[in-house]
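1. compute the structure for the input listed below.
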Amino acid sequence: MSAEKLIERDPEKLGGTPVFAGTRVPIKNLFDCLEGGESLEEFLDQFPTVTREQAFGVLEASQRALLVENETNGKELNSKLVTMEETMNDELFLTDLRETMEDFRHADAEETPA
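-> Okay, here's the model as predicted:
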């Protein structure tokens, strides 16, 4: 099901809060109900204007978005770790780092009153 058939944002409807398309039921209500321990059936009974297809569609879209986000974050983190590892193994970087730290130590020693 396309996003347009799942979610609607209209400034005239609940101030633009994302709602299930064709209803005035905020998407957040689905997650609040599930988080509170209610079943999907209970949610659908409470909000009969929401179809089962819409509820499943929103859950599936959320799942895909989370998986993509986690996959992307994982790749970025992996890339950063590789870069850090390469940097830590770079002798020129380590030499520069040691020299910079030594410069800071000398500067601190000069500023500290005896």
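
2. chain center to the helix or strand in which A109 is found, what's the gap?
-> Assessed by DSSP states H and E, A109 sits inside helix 91-111. Relative to the centre of its chain, helix 91-111 is centred 38 Å away, using Cα atoms, centre = their mean, to the nearest Å.

3. now that helix - C-alpha only, CSV.
-> C-alpha atoms of helix 91-111 as CSV (Å, rounded to 0.1, in the frame of the first residue of the first chain):
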residue,chain,number,x,y,z
GLU,A,91,53.0,6.2,12.4
LEU,A,92,53.1,9.7,11.0
PHE,A,93,49.8,10.5,12.9
LEU,A,94,51.1,9.0,16.1
THR,A,95,54.3,10.9,15.8
ASP,A,96,52.4,14.2,15.3
LEU,A,97,50.1,13.3,18.2
ARG,A,98,53.0,12.7,20.5
GLU,A,99,54.7,16.0,19.5
THR,A,100,51.5,17.9,20.0
MET,A,101,50.9,16.3,23.5
GLU,A,102,54.5,17.2,24.4
ASP,A,103,54.0,20.8,23.3
PHE,A,104,50.9,21.0,25.5
ARG,A,105,52.8,19.6,28.4
HIS,A,106,55.6,22.2,28.0
ALA,A,107,53.0,25.0,27.7
ASP,A,108,51.2,23.8,30.8
ALA,A,109,54.5,23.6,32.7
GLU,A,110,55.3,27.2,31.7
GLU,A,111,51.9,28.5,32.8
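
4. and L14, how far from F20?
-> Per Cβ to Cβ, to the nearest Å, L14 is found 11 Å from F20. Every C-beta, even on glycine, is put in place using the N, C-alpha and C of the backbone.

5. who has more neighbours, those two?
-> F20 (23 against 14; other Cβ atoms under 10 Å).

6. against Q63, how distant is the more buried one?
-> 17 Å.
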